[in-house]
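J.: give me coordinates for this.
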Amino acid sequence: MRGGFGIFGSFRLLATLVLLVATLGYAPAQASEPLVLNKHDTTIPAMAFALVRGSSPLCEPDCPEWIWADGEIKSDTPKRFKAFLKSIGDRRLPIIIQSPGGDMDAAFAIGRLIRAKKLDVAVGVTRFLSCAPRAKDCVLEKGKPYIGVASSAFAYCNSACPMVLAGGTRRLVGPWARVGVHQVTTVMNREKILYRTTTRIVKGKKQVKTKIIKRERVKPVTTTTMSKGYQRKIEAYLTEMGVSRSLIDPIKKTAASDILVLANYEMLALKLITGLEQADVWTGTGICKTMPQPANCKNAAPDEMMPTVSLVPKPSPVTPKAIQARPPEANPELAKEMRFFIARNGGFSCTPVCAEWIAGEGTITPATPRKLSNMLDRLQGRKLPLVLNSPGGDVLAAIAMGRLIRARQLDVAVAETRYQKCDPANAGCKPVDGVYRAIPSDYLGRCDSACSLVLAGGVRRLVGPNITMALPNLGPLSKVSGFLSEMGLGPDLITRMSVSKYGKNFMPELQDLIRTGLVTTSASAEAVVGFQACHMQPQPDHCRALANSK
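T.: Now for the predicted structure:
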């Protein structure tokens, strides 16, 4: 007989042929595959992908392009990543990734897609020029890239993200980027099931049938104890990617509520990374000037070159912002009178030929123009770019500096110069071959008030998206107006420096500074003095090989 409860014509027949036993009970549902999660900020959106092109006009018509990957790794992220890769065809573009982590199995799948395509991965953050992928009012034409600049500083790749990083053919984490690991948290979803089991004996044969009556979710079980099976799964993936299986040790030992930041030497020893270069080794302004040209460089049609105003909404008029002034203790040297030193890029990637620049840090005083003139005379005709970091100061002195800079045809960038072996402000710090080892950094760079007049003197004027700038309220000062006109800057900038209702200073948008002409490009100082600057052809004048390059 088939069926559950048969209907028979005779109760006696039912009694003699069928022994019916019905039972009710509860049973836990069969556990599904573990969902591997990681604790992090739940406000971070799901990982998204976009095609990005370098923002600096200095690289046109050949500029670097890369894949932006940012956000939490979800179970459907591999599917969306695969669709994105299909949209860009066979191009081998580096991936600049930042992520707090997420689904571990999804990270394995993304890593395998990356390795299959032989793509490179660097931990970094991409900052966009006005139009960003997640912005509601950002609409691009199909196939057009976003415009931005990539940097390793303060970027992070935590939890499951290192498994994505492991998929790269080349894997870079710069000195200021962070890679962190912790225990894998496994969440087992459970259900309480109400079921009925019916047993029949028909013609001497036992028949059992179970029917589910009700399902009810119960509190899931969470554990950070890694099963041997899942540990073998992670180790197998690491071996597949050429990464040491020993990476599992810090993962298991670090509490899920914590993050263990791996040191650079540890990541190199574990083969999690292949180098310590910054993300801009693949995205920097000058990389497309090198020979042979990297595969991620693309020649743009004239209407695609920066600035590409058609790609972004028209900037709104400048509105005042509250100036978030950094306290003097953040950089006490800025409170002192501006001094000038010759700095040389200390990155090992540029040796033996490295970029050099004039580092000018501090407050502008009436004596500052003479100091700058003396420095330029010492250079005996060498045209080094000036890298400024200043809270401002004397207006007339700034105008004199601007004229001196224009007369010498120098470029000016805004950035902090971070000295490596020793700071020349300290007694006993001596230059080697006349220069101090350093690197430029946007992240504490500023050019406020009168400093903007010094910047105006540059032939090329570079300000990165992370720089703090505050234009001064100079009122109807005829000397300032005349100087700005002399520098080829239009009435828009003069108007902004003459608006009194905004108070002493106000901070404009970077895009607005570009429109007024004060800034010629949103590229950071690394575009002219970074380690890749001397790889350009022809080689810039401010590149030099030292007799003692150690």
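J.: any stretches of the stretch 401-550 of the chain with poor pLDDT?
T.: Residue ranges of the stretch 401-550 of the chain with pLDDT under 70: 473-478, 496, 498-508, 535-537, 547-550.
J.: assign Leu268 to helix, strand or coil.
T.: Using DSSP: H, G, I helix; E, B strand; the rest coil, the structure places Leu268 in helix.
J.: now it, nearest residue through space, not along the chain?
T.: Leu276 (7.5 Å; Cβ to Cβ, 6 or more residues apart in numbering). Where you see a C-beta, it was placed from the backbone N, CA and C, and this is true even at glycine.
J.: residues touching that neighbour, list them.
T.: By Cβ atoms under 8 Å, 6 or more residues apart in numbering, Leu276 lies in contact with Leu172, Val173, Gly174, Pro175, Asn264, Leu268.
J.: which residue ranges of the stretch 1-150 of the chain form strands?
T.: Along the stretch 1-150 of the chain, counting by DSSP state E, counting those that start in this stretch, strands occupy 21-28, 35-37, 48-54, 62-70, 95-98, 121-123, 125-128, 146-151.
J.: give me the distance from the fifth one to the chain's centre.
T.: Which is strand 95-98. 7 Å (Cα atoms, centre = their mean, to the nearest Å).
J.: what does that strand contact?
T.: The set of residues external to strand 95-98 that reach it, using Cβ under 8 Å, 6+ apart, is 52, 66-70, 114, 119-126, 150, 155-157, 161, 164-165, 168, 279, 282-283.
J.: what pLDDT does Gly229 get?
T.: Gly229 is assigned 89 on the pLDDT scale.
J.: which stretches of the stretch 51-200 of the chain have low pLDDT?
T.: Looking at the stretch 51-200 of the chain by pLDDT under 70, you get 57-58, 130, 186-191.
J.: how about 80 then?
T.: 55-60, 129-130, 142-143, 153-154, 175-176, 185-193, 195 (pLDDT under 80).
J.: so what's Ala160 up against?
T.: Per Cβ under 8 Å, 6+ apart, neighbours of Ala160: Val36, Asn38, Ile73, Ser99, Gly101, Gly102, Asp103, Met104, Ala106, Ala107.
J.: 10 Å instead, please
T.: Neighbouring residues of Ala160 by Cβ atoms under 10 Å, 6 or more residues apart in numbering: 36-38, 40, 72-73, 99-108, 110-111, 181, 184.
J.: now do Gly180
T.: 100-101, 156-159, 161-162, 250, 254, 258-262.
J.: just those residues now: which is nearest Ser485?
T.: Nearest to Ser485 out of the contacts of Gly180 is Tyr156 (Cβ to Cβ; 46.0 Å).
J.: report how many residues lie close to that closest one.
T.: Neighbour count of Tyr156, defined by other Cβ atoms under 10 Å: 21.
J.: likewise Ala367?
T.: 12.
J.: which residue comes closest to Leu51 once chain neighbours are left out?
T.: In this structure, Leu51 finds its nearest non-sequential neighbour in Pro145, 4.4 Å apart by Cβ to Cβ, 6+ apart.
J.: same check on Arg171?
T.: That would be Ile273: by Cβ to Cβ, 6+ apart, it lies 4.6 Å from Arg171.
J.: same check, this time on Thr283
T.: Using Cβ to Cβ, 6+ apart, the closest residue to Thr283 is Ala150 (4.1 Å).
J.: residue contacts, that neighbour?
T.: By Cβ under 10 Å, 6+ apart, the residues touching Ala150 are 52, 54-55, 64, 66, 68, 94, 96, 98, 122, 124-127, 278-284.
J.: ChimeraX command to pick out the buried ones of those residues?
T.: This is how ChimeraX selects the buried members of the contacts of Ala150, with burial counted by 16 or more other Cβ atoms under 10 Å:
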select :52,54,55,64,66,68,94,96,98,122,124,125,126,127,278,279,280,281,282,283,284
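J.: okay, helices next: where are they in the stretch 51-200 of the chain?
T.: Along the stretch 51-200 of the chain, the segments classed as helices by DSSP state H, counting those that start in this stretch run 77-87, 104-117, 161-165.
J.: between the ones you listed, which gets nearest to Ala236?
T.: That would be helix 104-117 among the helices of the stretch 51-200 of the chain, by Cβ to Cβ, at 9.5 Å.
J.: most tightly surrounded among the helices of the stretch 51-200 of the chain?
T.: Ranked by mean neighbour count, the helices of the stretch 51-200 of the chain are led by helix 161-165 with a mean of 28 (mean count of other Cβ atoms under 10 Å).
J.: can you show me the CA trace of that one as CSV?
T.: Output in CSV follows, covering the C-alpha atoms of helix 161-165 (Å, rounded to 0.1, in the frame of the first residue of the first chain):
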residue,chain,number,x,y,z
CYS,A,161,40.8,40.1,2.6
PRO,A,162,44.3,38.6,2.8
MET,A,163,43.0,35.5,1.0
VAL,A,164,42.1,37.8,-1.9
LEU,A,165,45.5,39.4,-1.8
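J.: centre of the chain to it, how far?
T.: Worked out by Cα atoms, centre = their mean, helix 161-165 lies 15 Å from the chain centre.
J.: thinking again about what came up before, identify whichever of the strands of the stretch 1-150 of the chain lies nearest to Leu194.
T.: strand 21-28 (6.2 Å).
J.: what average pLDDT does the closest one get?
T.: 37.
J.: can you give me the strands in the stretch 351-500 of the chain?
T.: Secondary structure of the stretch 351-500 of the chain (DSSP E, counting those that start in this stretch): strands at 353-361, 386-389, 412-414, 416-419, 436-441, 446-448, 461-463, 468-472.
J.: including distance to Leu546 and mean neighbour count, could the ones you listed go into a markdown table?
T.: Below are the strands of the stretch 351-500 of the chain laid out as a markdown table (distance: least, Cβ to Cβ, whole Å; neighbours: other Cβ atoms under 10 Å):
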| stretch | distance to Leu546 | mean neighbour count |
| --- | --- | --- |
| strand 353-361 | 8 | 24 |
| strand 386-389 | 19 | 27 |
| strand 412-414 | 22 | 30 |
| strand 416-419 | 17 | 20 |
| strand 436-441 | 10 | 22 |
| strand 446-448 | 30 | 24 |
| strand 461-463 | 25 | 27 |
| strand 468-472 | 33 | 22 |
